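Engineer: The following comprises the amino acid sequence and a computationally predicted model.
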Amino acid sequence: MEQHPRQMDGLFQALADPTRRAVLRRLGQGPASISELAKPFDMALPSFMKHIHLLEESGWIQTRKEGRVRTCAIEKKPFAVVQAWLSEQRDLWEGRTDRLEQFVTRTHGKGEPR
């Protein structure tokens, strides 16, 4: 995953904001128009659109315009990218904690002080 650090930075930056996480949560239920997505938030539409643009640029969502309505849909690929990175991190840290446990067990088993 480290071969694409800018992509990872963008994905996590997008998740750093509660408004964007809420938008993704809503889009998990299915596509929605910008106005529908913006409705629960107490902010001006231009401010909300900055969140939409960041989500789109980072790859979390895709937008399309049909007539006067812009609709957003969630993209699945970023979830796989983040999941793969988290799995790598989990494997790394589980290995480290396993080695620490083995070290402590060996050291304690030899009668040395804790």
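Structural biologist: Right, received. Where do you want to start? Numbers count the residues shown, from 1 in each chain.

Engineer: where are the low-confidence patches of the chain?
Structural biologist: 1-5, 110-114 (pLDDT under 70).

Engineer: switch to 50 and redo it
Structural biologist: Residues of the chain meeting the criterion pLDDT under 50: 1, 3.

Engineer: all strands in it, in order from the N-terminus.
Structural biologist: Using DSSP state E, the strands of the chain run over 32-33, 61-66, 69-74.

Engineer: got a list of contacts for stretch 70-90?
Structural biologist: 1, 4, 7-8, 11-12, 23-24, 27-28, 30-34, 37, 52, 55-56, 58-65 (C-beta atoms under 8 Å, 6 or more residues apart in numbering). Yep, even glycine has a C-beta here, placed from its N, CA and C like the rest.

Engineer: re earlier: how about the strands of the chain in JSON lines, adding mean neighbour count and distance to residue 94?
Structural biologist: Converted to JSON lines, those look like this (neighbours: other C-beta atoms under 10 Å; distance: least, C-beta to C-beta, whole Å):
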{"stretch": "strand 32-33", "mean neighbour count": "16", "distance to residue 94": "38"}
{"stretch": "strand 61-66", "mean neighbour count": "13", "distance to residue 94": "32"}
{"stretch": "strand 69-74", "mean neighbour count": "16", "distance to residue 94": "30"}
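
Engineer: would you turn the ones you listed into CSV with distance to residue 96?
Structural biologist: Listed next are these as CSV, based on distance: least, C-beta to C-beta, whole Å:
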stretch, distance to residue 96
strand 32-33, 42
strand 61-66, 35
strand 69-74, 34
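
Engineer: quick one: contacts for residue 38?
Structural biologist: By C-beta under 8 Å, 6+ apart, the neighbours of residue 38 are 45, 48.
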